[in-house]
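Q: Provided below for reference: sequence and predicted model.
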Amino acid sequence: MQQGSVIIRGVGSYLPRKILTNHDLASMVDTSDEWIRTRTGISQRHIADAHETCSDLAYVAAKSALENAQLKAQDIDLLVVATMTPDMICPSLAAILQAKLGLRKVMSFDINAACSGFLYALEVATRLLQNGNFYKRALVIGAEKMSSLIDWEDRSTCVLFGDAAGASVLEHTSTEQVGILDAILRADGSFSPGILYIPAGGSLHPATTDTVTQRQHFIKMNGRELFKTSVRLMGKVIEELLERNHLTKADIACLIPHQANLRIIQSLAQSIGLSMDRVFCNLEVTGNTSSASIPVAFTQAKSAHYFRSGDYIVLVAFGGGLTWGATLIKW
């Protein structure tokens, strides 16, 4: 078994050029800029063009991360992609992306844990790098074209989501106690369906004329229940992660939560006693980009110098499944 740690050597992200503002949405559904802002904290979101696929978004983010890491595609030994909006059901988005990037024929696969997907992918890649001699570097990506799953007639969901991709290059190092130190990930399928789900399109309800007519291939959400459950579970897993690593909230230099709703983020910070100046938020201009949310926010937080060498960073997410979890990083 390899010793040492897994560090994040490079990061990158991509937001499509097209911007859809709250005022634009107000001309499409019965809503307003004030209604959206006061309930979500979102003012705009990025929407991919019709010809842009999820793999296109992931490709740009991956190239940016490789450049930031000063590496080439041939240096990557493992590709893990978190997504719930792959180009197609089969083959995987990772397989498509492997070819687009020109990677060697390395192991490449998708993970679907909804908005928690990037943390799941990060954990899997970290353990593979740590527990064997086959992998030195991994490319971990969260990419979503959420606009492809949105019912643009449903104001309760269409105001929330945007498209994006974020990527991180992980590298095994002999240095101890740096990089990705720990993670706690959870799932509870007893909640689903009901809080956040897509009714049709799987083997339970394959596509039919009725499922399409009834708009069952779009995201459905119980916002009120999602709010209460997400704050409680994310707060609990952060506390568990800190306790397990003999740390306190005072040790957190930067908390990077899933960017779902400003009220959720503020309530989470309050529940664990963390001031908002140590919490990174970008959802005002990105909306909820599901598994792309945290890697995009991480890239922007790094550029904005929210943390420096030696700082502890906590990533936390919550998504459909239900899935949730937190990751501890020492930069």
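A: It's in.
Q: C-alpha only now, for contacts and for neighbours.
A: Fine.
Q: Tell me the spacing between the residue nearest in space to the middle of the chain and Arg39.
A: Among the residues of the chain, the one closest to the centroid is Ser291, at 2.5 Å (Cα atoms, centre = their mean). Here the criterion is Cα to Cα, to the nearest Å. By it, Ser291 lies 22 Å from Arg39.
Q: Same check on His246?
A: Counting by Cα to Cα - His246 and Arg39 are separated by 36 Å.
Q: One more: Ala73?
A: For Ala73, the distance to Arg39 - Cα to Cα - is 42 Å.
Q: do the same with Ser13
A: Distance from Ser13 to Arg39, by Cα to Cα: 27 Å.
Q: show me where the stretch 51-200 of the chain has strands.
A: Using DSSP state E, counting those that start in this stretch, the strands of the stretch 51-200 of the chain run over 78-82, 107-111, 137-145, 163-173, 179-187, 196-197.
Q: and those strands, which is most packed in?
A: strand 137-145 (a mean of 32; mean count of other Cα atoms under 10 Å).
Q: Which other helices and strands does it contact?
A: helix 54-69, strand 78-82, helix 117-130, strand 163-173, helix 293-303 (3 or more Cα pairs under 8 Å, 6 or more residues apart in numbering; DSSP states H and E).
Q: let's see 6 Å
A: Applying 3 or more Cα pairs under 6 Å, 6 or more residues apart in numbering; DSSP states H and E, we find strand 137-145 packed against helix 54-69, strand 78-82, strand 163-173.
Q: Which residues outside the longest one are in contact with it?
A: So the one you mean is helix 54-69. For helix 54-69, the external contacting residues (Cα atoms under 6 Å, 6 or more residues apart in numbering) are 9-14, 87, 97, 143-145, 165-168.
Q: So Leu262 sits against Gly41, correct?
A: Yes: look at Leu262 against Gly41 with Cα atoms under 6 Å: they come within range, at 5.1 Å.
Q: buried set for whatever helix or strand Ala269 lives in?
A: In the assignment (DSSP states H and E), Ala269 maps to helix 262-272. Using 16 or more other Cα atoms under 10 Å as the test for burial, helix 262-272 gives Leu262, Ile264, Ile265, Gln266, Ser267, Leu268, Ala269.
Q: helices and strands around whichever helix or strand comes after that helix, which ones?
A: In the C-terminal direction, the helix or strand that comes right after helix 262-272 (DSSP H and E) is helix 283-286. Applying 3+ Cα pairs under 6 Å, 6+ apart, we find helix 283-286 packed against strand 44-46.
Q: Which secondary structure elements does the strand it packs on sit against?
A: Checking 3+ Cα pairs under 6 Å, 6+ apart, strand 44-46 ends up next to strand 19-21, helix 283-286.
Q: Where does pLDDT dip in the stretch 151-300 of the chain?
A: For the stretch 151-300 of the chain, the stretches with pLDDT under 70 are 191-194, 223.
Q: Am I right that Phe218 is in contact with Met146?
A: No: between Phe218 and Met146 there is no contact under Cα under 6 Å: 9.9 Å.
Q: the more surrounded of these two?
A: Counting neighbours by other Cα atoms under 10 Å for Phe218 and for Met146 shows that Met146 has the greater number, 25 against 22.
Q: Please look at that one and Asp163 and confirm they touch.
A: Yes: using Cα under 6 Å, Met146 makes contact with Asp163 at a distance of 5.5 Å.
Q: Now the two most distant members of the contacts of helix 54-69.
A: Arg9 and Asp87 (27.6 Å; Cα to Cα).
Q: Which residues belonging to the lengthiest helix in the chain are considered buried?
A: Counting residues, the longest helix in the chain under DSSP state H turns out to be helix 223-244. Buried residues in helix 223-244, counted by 16+ other Cα under 10 Å: Leu226, Phe227, Ser230, Val231, Leu233, Met234, Gly235, Lys236, Val237, Ile238, Leu241, Leu242.
Q: ok, now stretch 43-57?
A: Ser43, Gln44, Arg45, His46, Ile47, Ala48, Thr53, Cys54, Ser55, Asp56, Leu57.
Q: Give me the distance between the last one and Gly12.
A: Applying Cα to Cα, the value for Leu57 to Gly12 is 11 Å.
Q: can you check the first one too?
A: From Ser43 across to Gly12, the span is 23 Å (Cα to Cα).
Q: Repeat that for the fifth one.
A: When distances are taken as Cα to Cα, Ile47 and Gly12 turn out to be 18 Å apart.
Q: One more: the fourth one?
A: When distances are taken as Cα to Cα, His46 and Gly12 turn out to be 16 Å apart.
Q: cool, and Tyr135?
A: Tyr135 is 21 Å from Gly12, by Cα to Cα.
Q: Looking at those two now, which is surrounded by more residues?
A: The neighbour comparison of Tyr135 against Gly12 (other Cα under 10 Å) goes to Gly12, with 27 against 19.
Q: so what's the backbone phi/psi at that one?
A: phi -160, psi 160 (degrees, to the nearest 10).
Q: That one touches Ala167, doesn't it?
A: Yes: taking Cα under 6 Å as the definition, Gly12 is a contact partner of Ala167 at 5.2 Å.
Q: hmm, who's touching stretch 14-29?
A: Counting by Cα under 6 Å, 6+ apart, Ser32, Asp33, Ser43, Gln44, Arg45, His46, Ile47, Ala48, Ala61, Ala164, Ala165 sit against stretch 14-29.
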